[in-house]
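Visitor: Got a predicted structure here, sequence first:
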Amino acid sequence: MAATLSIHIKSLGEIDYEVLRKVSDYFMSIPSFALEKVLRVLKEVGFVRLVEKGRRIETVIPNIPLFDDVYQKIGEFADSECTLNAHEQATMLLLGELYTAPGNKDAIRNKLGIENIVFERCIALGDRSGIVSSYKARGKNILISPFYFADNLESLADAAAKSGASAISSTLQKVKNNQGWPLSLVGTRKEIGGVKLSATEVALIQKLSTEGVIKPPTIKFGKAQESFIFTPRPGSGRLNAANREIYERAMALVAAVRKGQLLPGEYRIISPVRILEVFRDRGFIGSNSEAGLQYHNLVVLRVGRLSETTPGRWELHLIRTPENEASLTLAIQILRSGVLAGMEVNENARIALSKDETYIQSLISSSEMRRRTKQVEDPQAVFEFEQMITKLG
C-alpha cells in the first residue's frame, strides 16, 4: 500500500488528508482505516511530511525524490524494519518463482524447500487474494500468478505442463527483447530479432498466440494480414484498468512500425523508435502510399487521422491527447527495453488528489456510471463504426 500510494503522489504538491483518504480508498484499494499507518511508514522512509493537529493528520506533503526507485526504497525499509513470518517469507519466494513463467507445484516446493503445510497455506491464501492460482493440466498441478499474467491461464497452464517452465520463461524473454515481431516470421525463419528459436519455442509462441495468452494485434494489407506478438498482458496489479486503453494503443503503434520495418511494401522503416519519436514530437508521419493500410488500426483507435497529400499518398497526423501521448511514450519504451512500466499508476487518481471533495465525489459517480454502461457487442455494428471512423479520419 505504501508503494502504491508513493507512485501516485510522487511530484504532487500538498494534499488534504480527507481528499487523500477518499481517493486512495476508491482508486488504490487502500482502506480508509489503513491510510494513517501507510502514511507513518512513508514518513519513516522520508517520502512524506505530515502536518498534524494533535494526533490528527490534516495535510500530506509528498517529498519523494524524482529519480528514486520507490519500490526499491520501500523494499529496503521493509528488510530493515519488518520481520516477515514464515508464511510471508514463503509467499515472497513463491511469487519470485512465478514472476517469469508458471511452474510445476511439486518442483517449486522441492526447489524452495518450504514445509508442506506452510506451502499449502500460501497457495490457499494466494488464491483467495488473487495472486496465486492452481490448475490441473496433463496430470500435473501447475501454479500461475494472475498478478503477472492476465489472459487464458488454463492454456498457459497447459503449455507449462507440456513444455516446462524453463521453456516458457526462455520463450517469453526472447519475445520481450523483440516486442511486436511478426508472427509469420517466427514460423518461417525460426528466429526472433536474429536470435534462434528451438522447435519447442516456435511451437509455444504459436500456441500462446492462437489461444489468446498472447493477444497479437493484426494488420490487414490487401488480401493478406499479419499478427504481431507481445509478451502476455500483465495482471491488474501491474496494469491499472484506467491504463488498458493506453496499453492497447501502444501495442498498435508498435505493430504499425514493425510492419513497416520487417514487412514493408515499397518503403522500409529503418528505425521504428525514431519514427515514433518524430510522430510524438512533430505530430505527423510523412506521406507514403502504404500509410492507409499500415496505420488503419491507429485511425480506428483514434490515435491519429489520415490526410491525403496527393492521390494515393497519405500522412498520419497525431490526435494530440494525454492518452495518445502516453501511448506513444509507452510504445517507445516497449521498443527500447521490452518492459511495461508505469502502467500501475491511475492518472485519474493523481488528478483527483489536486481537487476538492466535490470533484472527487462527482468523478466517482461518473466512473460508476461508465462501468455499468454496456459495450456494443454486435459485430456488424462494430464493423460499420470502424468504417465510419476510417472515412472521417
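Guide: Good, I have the coordinates.
Visitor: which SS class is Leu306?
Guide: strand (DSSP: H, G, I helix; E, B strand; the rest coil).
Visitor: Contact partners for it?
Guide: 291-292, 295, 299, 314-317, 393 (Cβ atoms under 8 Å, 6 or more residues apart in numbering). (Each C-beta comes from the backbone N, C-alpha and C, glycine too.)
Visitor: same thing but at 7 Å, please
Guide: Residues in contact with Leu306, defined by Cβ atoms under 7 Å, 6 or more residues apart in numbering, are 291-292, 295, 299, 314, 316, 393.
Visitor: out of those residues, who has the most neighbours?
Guide: In terms of neighbours by other Cβ atoms under 10 Å, those top out with Tyr295 at 27 neighbours.
Visitor: mind listing the strands for the stretch 151-300 of the chain?
Guide: For the stretch 151-300 of the chain, the strands defined by DSSP state E, counting those that start in this stretch cover 181-182, 191-192, 195-196, 218-221, 224-229, 284-288.
Visitor: surely Ala3 meets Lys73?
Guide: No - Ala3 is not in contact with Lys73 according to Cβ atoms under 7 Å; the separation is 8.9 Å.
Visitor: How many residues are close by Asn243?
Guide: Counted with other Cβ under 10 Å, Asn243 comes out at 22.
Visitor: ok, Glu325 to Pro264 distance?
Guide: 27 Å (Cβ to Cβ, to the nearest Å).
Visitor: buried residues in stretch 252-272?
Guide: By 16 or more other Cβ atoms under 10 Å, the buried positions in stretch 252-272 come out as 252-263, 269, 272.
Visitor: hey, least reliable of the strands of the stretch 151-300 of the chain by pLDDT?
Guide: Within the strands of the stretch 151-300 of the chain, the stretch with the lowest mean pLDDT is strand 218-221, showing a mean of 84.
Visitor: got the contact list for Arg302?
Guide: Contacts of Arg302 by Cβ under 7 Å, 6+ apart are Ile319.
Visitor: Could you look up the SS state of it?
Guide: Arg302 ends up coil, using three-state DSSP.
Visitor: Quick check: which ranges of the stretch 151-300 of the chain have low pLDDT?
Guide: For the stretch 151-300 of the chain, the stretches with pLDDT under 70 are 237.
Visitor: all helices for the stretch 1-150 of the chain, in order.
Guide: Listed in chain order, the helices found in the stretch 1-150 of the chain under DSSP state H, counting those that start in this stretch are 2-9, 17-28, 32-45, 70-81, 86-97, 105-112, 116-129.
Visitor: May I see the ones you listed organised as a markdown table, with mean neighbour count and distance to Leu153 added?
Guide: Compiled in a markdown table, these are given as follows (neighbours: other Cβ atoms under 10 Å; distance: least, Cβ to Cβ, whole Å):
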| stretch | mean neighbour count | distance to Leu153 |
| --- | --- | --- |
| helix 2-9 | 22 | 24 |
| helix 17-28 | 21 | 25 |
| helix 32-45 | 16 | 29 |
| helix 70-81 | 14 | 25 |
| helix 86-97 | 16 | 15 |
| helix 105-112 | 15 | 14 |
| helix 116-129 | 15 | 12 |
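Visitor: Now distance to Phe147 too, for these, in a markdown table please.
Guide: Formatted as a markdown table, the helices of the stretch 1-150 of the chain follow (distance: least, Cβ to Cβ, whole Å):
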| stretch | distance to Phe147 |
| --- | --- |
| helix 2-9 | 13 |
| helix 17-28 | 16 |
| helix 32-45 | 20 |
| helix 70-81 | 14 |
| helix 86-97 | 7 |
| helix 105-112 | 16 |
| helix 116-129 | 9 |
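Visitor: lowest-confidence stretch among those?
Guide: helix 70-81 (a mean of 83).
Visitor: Restrict it to CA atoms and write it as PDB.
Guide: Provided in PDB are the C-alpha atoms of helix 70-81 (Å, rounded to 0.1, in the frame of the first residue of the first chain):
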ATOM      1  CA  VAL A  70      10.000   3.900  -5.000                       C
ATOM      2  CA  TYR A  71       9.700   0.100  -4.800                       C
ATOM      3  CA  GLN A  72      13.400  -0.400  -4.000                       C
ATOM      4  CA  LYS A  73      13.400   2.200  -1.200                       C
ATOM      5  CA  ILE A  74      10.400   0.800   0.500                       C
ATOM      6  CA  GLY A  75      11.700  -2.700   0.000                       C
ATOM      7  CA  GLU A  76      14.900  -1.700   1.800                       C
ATOM      8  CA  PHE A  77      12.800  -0.200   4.600                       C
ATOM      9  CA  ALA A  78      10.800  -3.500   4.800                       C
ATOM     10  CA  ASP A  79      14.000  -5.500   5.000                       C
ATOM     11  CA  SER A  80      15.400  -3.400   7.800                       C
ATOM     12  CA  GLU A  81      12.300  -2.700   9.800                       C
END
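Visitor: and the angle for that helix with helix 32-45?
Guide: 80 degrees (axes from the mean of the first three to the mean of the last three Cα atoms, to 10 degrees).
Visitor: Run the angle between helix 70-81 and helix 86-97 for me.
Guide: 150 degrees.
Visitor: any idea of the angle helix 70-81 forms with helix 2-9?
Guide: 150 degrees.
Visitor: Now tell me what touches helix 70-81 from outside.
Guide: 2-3, 6-7, 10, 44-45, 64.
Visitor: can you check stretch 147-164 too?
Guide: Residues contacting stretch 147-164 (Cβ under 7 Å, 6+ apart): 98-99, 101-103, 131, 133, 135, 137-138, 140, 142, 144, 146, 168, 200, 204, 207-208, 211-213, 215, 232-235, 237-238.
Visitor: Buried residues in it, which are they?
Guide: 147-153, 155-164.
Visitor: domains of the protein?
Guide: 2-81, 86-229, 241-392 (automatic domain parsing).
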